[in-house]
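1. no sequence for this one, just the structure:
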């Protein structure tokens, strides 16, 4: 399982066995069943998660109790309520399993120890953060420039396996369109 | 002018005079007039910019030649076509002055030298990247959960000075609404 993590990090920066052993001491493994929550709105956010297997949804619930999908996370993706994680405040979102899921995770304290102890990890997190920002910017541009049909087609092209694995109602929520509109687009 | 930069970095991480002197060797100063372009679509993106004074708009032009405002940048903000900057590819967006603007900027080569030479700068860029990501995520949540009126009110609350300085038509573009809708909301 840790082999996935090593392979993932080494796509950005090569590691010695000693360095990877150091990194591993800061991660722990957790398993969750479908429908279980990794983060619940209002609770403290203790961990940042790296998905080994399974599928998660990050959900923002608005004042009228309507759920909005902020993002999905599957194999090799990182996820958390990052604002709450980094500022050690209460979760404003929830993170829930759509499938049985196995993760590696670290606390903020372990994140800091990894960055302090191994500059390569700081470089790795910087690369991930930069490309995370770019992904969000691309999604904003897609909102500004595309209609529902185009946004659905972009997602289908970028993440075909997501469309296979995720219920249609959640894909609609992620795209900010109604279930009926999505049915029309995907039929 | 460099005092602004030092103050800005030291909000995240304290520096010695020697460290700040090292950082300064990687920045250069540039001045632009209103309507001048810092980045033009299709050109290589040589620099990442820190705004000392003035105001910039980052624009994505779609296939039908319609302009969409991706973001604004004013004093103490960083801006570039980051994807093109980091991957050293051609700009897909343009960056233009809405006011006479003075910036500090660095090349990708200088960015790498700063990160390699001073771990504190890597820490600084990591913090900025994390909070840049969080800002984009907040904007996505705002798109998913709010109507035009609420998005306008959020922007008014978050960046009142932006509303003062930027033409209404550009605010409308940034919010993804028509000029007419914005006039109704802001009257």
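-> Cool, the structure landed. Computed from a predicted model, the values in this text were never measured in an experiment.
2. from here on, just use CA atoms for contacts and neighbour counts.
-> OK.
3. okay, buried residues for the helix or strand hosting residue A:181 please.
-> Here residue A:181, judged by DSSP states H and E, is contained in helix A:179-186. For helix A:179-186, a neighbour-count test (16 or more other C-alpha atoms under 10 Å in any protein chain shown) marks residue A:182 as buried.
4. what's it packed up against?
-> Helix A:179-186 is packed against helix A:148-158, helix A:168-175, with contacts defined by 3 or more C-alpha pairs under 8 Å, 6 or more residues apart in numbering or on different chains; DSSP states H and E.
5. what angle sits between it and helix A:168-175?
-> Orientation check (axes from the mean of the first three to the mean of the last three C-alpha atoms, to 10 degrees): helix A:179-186 against helix A:168-175 gives 100 degrees.
6. how far off centre is helix A:179-186?
-> 25 Å (C-alpha atoms, centre = their mean, to the nearest Å).
7. likewise for stretch A:105-117?
-> Distance of stretch A:105-117 from the chain centroid (C-alpha atoms, centre = their mean) equals 18 Å.
8. contact partners of that stretch?
-> A:23, A:26-30, A:46-50, A:85-86, A:121-122 (C-alpha atoms under 8 Å, 6 or more residues apart in numbering or on different chains).
9. contacts only, for the residue of chain A found nearest chain B.
-> Proximity of chain A to chain B (C-alpha to the nearest C-alpha) peaks at residue A:133, 4.3 Å away. The contact partners of residue A:133, by C-alpha under 8 Å, 6+ apart, come to B:129-130, B:132-133, B:136.
10. out of those residues, which end up buried?
-> Those of the contacts of residue A:133 that meet the buried threshold are B:129-130, B:132-133, B:136, by 16+ other C-alpha under 10 Å.
11. just the strands from chain A, written as ranges.
-> Ranges of strands in chain A, per DSSP state E, are A:28-32, A:37-39, A:48-53, A:55-61, A:67-74, A:78-79, A:94-97, A:101-106.
12. now do the same contact list for the residue positioned nearest the centre of chain A.
-> By C-alpha atoms, centre = their mean, chain A has its centre lying nearest to residue A:79, at 3.0 Å. Residue A:79 is in contact with A:48-51, A:58, A:73, counting by C-alpha under 8 Å, 6+ apart.
13. ChimeraX command for the buried members of these?
-> This is how ChimeraX selects the buried members of the contacts of residue A:79, with burial counted by 16+ other C-alpha under 10 Å:
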select /A:48,49,50,51,58,73
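14. ok, of the contacts of residue A:79, which one's closest to residue B:18?
-> Distances from residue B:18 to the contacts of residue A:79, taken as C-alpha to C-alpha, are shortest for residue A:48 (35.3 Å).
15. which residues does the closest one bridge with?
-> Beta-bridge partners recorded for residue A:48 (DSSP bridges): residue A:106.
16. now the one 10 residues further on
-> Note on residue A:58: beta-bridge partners by DSSP bridges are residue A:71, residue A:95.
17. I figured it hits residue A:78, correct?
-> No - judged on C-alpha atoms under 8 Å, residue A:58 makes no contact with residue A:78 at a distance of 11.2 Å.
18. you'd agree residue A:52 is up against residue A:73?
-> No - the criterion here is C-alpha under 8 Å, and residue A:52 misses it with residue A:73 at 10.3 Å.
19. ok, residues contacting the lowest-mean-pLDDT helix or strand in chain A?
-> The helix or strand of chain A with the poorest confidence is helix A:179-186; it has a mean of 86 (mean pLDDT, DSSP states H and E). If you take C-alpha under 8 Å, 6+ apart as the criterion, helix A:179-186 is touched by A:149, A:152, A:168-169, A:172-173.
20. just the angle between it and helix A:148-158, please?
-> For helix A:179-186 against helix A:148-158, the angle by the same axes, to 10 degrees is 60 degrees.
21. OK, contacts around the residue lying closest to residue A:80 once chain neighbours are set aside?
-> Excluding the flanking residues, the one nearest residue A:80 by C-alpha to C-alpha, 6 or more residues apart in numbering or on different chains is residue A:48, at 5.1 Å. Going by C-alpha under 8 Å, 6+ apart, residue A:48 touches A:78-82, A:85, A:105-108.
22. if we go to 7 Å?
-> A:79-80, A:105-107 (C-alpha atoms under 7 Å, 6 or more residues apart in numbering or on different chains).
23. by neighbour count, which of the residues you listed wins?
-> Taking other C-alpha atoms under 10 Å in any protein chain shown as the neighbour criterion, residue A:80 ranks highest of these with 23 neighbours.
24. please report the distance of that one from residue A:57.
-> 10 Å (C-alpha to C-alpha, to the nearest Å).
25. do you know the pLDDT at residue A:58?
-> Looking at residue A:58, its pLDDT stands at 97.
26. I'd say it and residue A:98 touch.
-> No - applying C-alpha atoms under 7 Å as the test, residue A:58 and residue A:98 come out as separate, 10.3 Å apart.
27. buried residues in the helix ranked longest in chain A?
-> The longest helix of chain A (DSSP state H) is helix A:119-145. By neighbour count, with 16+ other C-alpha under 10 Å as the criterion, the buried positions of helix A:119-145 are A:119-137, A:139-141, A:143-145.
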